[in-house]
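**Student:** below are the sequence and a predicted model for it; my questions follow.
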Amino acid sequence: MKQIAVTLRGLQLFAHNAHNLAKGKTFLADHAFFGELYGAYEAAYDDIVERMIGLTGDADLNAITTEACDMATSAGFTDNEQALNVILVTEKELCDEIKKAMAGASDGTQNLLQGIADQSEMRQYKLKRRLK
């Protein structure tokens, strides 16, 4: 689940940057959407990290944060559409990571992961509609 935590924290940081840097004709809607996104990623990240600690007794949060920062800053963007595209691609990667983590997970953890995947698929729908 470490990679899921890294991806969620990276998405949170990236979406927060996009929120602060949003501009142009779609500023108001995009600014609000990016704000919605980084809040959702933060909540999901917190759920995953607490589950990791609950199951294993520990989580290397410094390593997770370092990897997430690298992820969030490696994909630069110059406009809202580029930022939305990066988020869409990363959402798909998140769902792939969740699918892998489902194998061998407890029922409760599978339920948590499925909920995060469900929310991701809804966000992907919104992202695709916005980018058309």
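**Tutor:** Done, it's in.

**Student:** wait, isn't residue 1 in contact with residue 101?
**Tutor:** Yes. The pair residue 1 / residue 101 is scored as a contact, 5.6 Å apart, by C-beta atoms under 8 Å. Where C-beta positions appear, they are placed from N, C-alpha and C, glycine not excepted.

**Student:** quick check: neighbours shared by these two?
**Tutor:** By C-beta atoms under 8 Å, 6 or more residues apart in numbering, residue 1 and residue 101 have these common neighbours: residue 109.

**Student:** which element follows the helix ranked longest in the chain toward the C-terminus?
**Tutor:** Longest helix in the chain, counting residues (DSSP state H): helix 27-56. Counting by DSSP states H and E, the element after helix 27-56 in chain order, helix or strand, is helix 61-74.

**Student:** got the angle for that following helix vs helix 27-56?
**Tutor:** Here helix 61-74 runs at 150 degrees with respect to helix 27-56, directions being taken by axes from the mean of the first three to the mean of the last three C-alpha atoms, to 10 degrees.

**Student:** by contact count, what packs against helix 61-74?
**Tutor:** Packing contacts for helix 61-74, counted by 3 or more C-beta pairs under 8 Å, 6 or more residues apart in numbering; DSSP states H and E, involve helix 2-21.

**Student:** and the helix it packs on, what's its mean pLDDT?
**Tutor:** Mean pLDDT, helix 2-21: 98.
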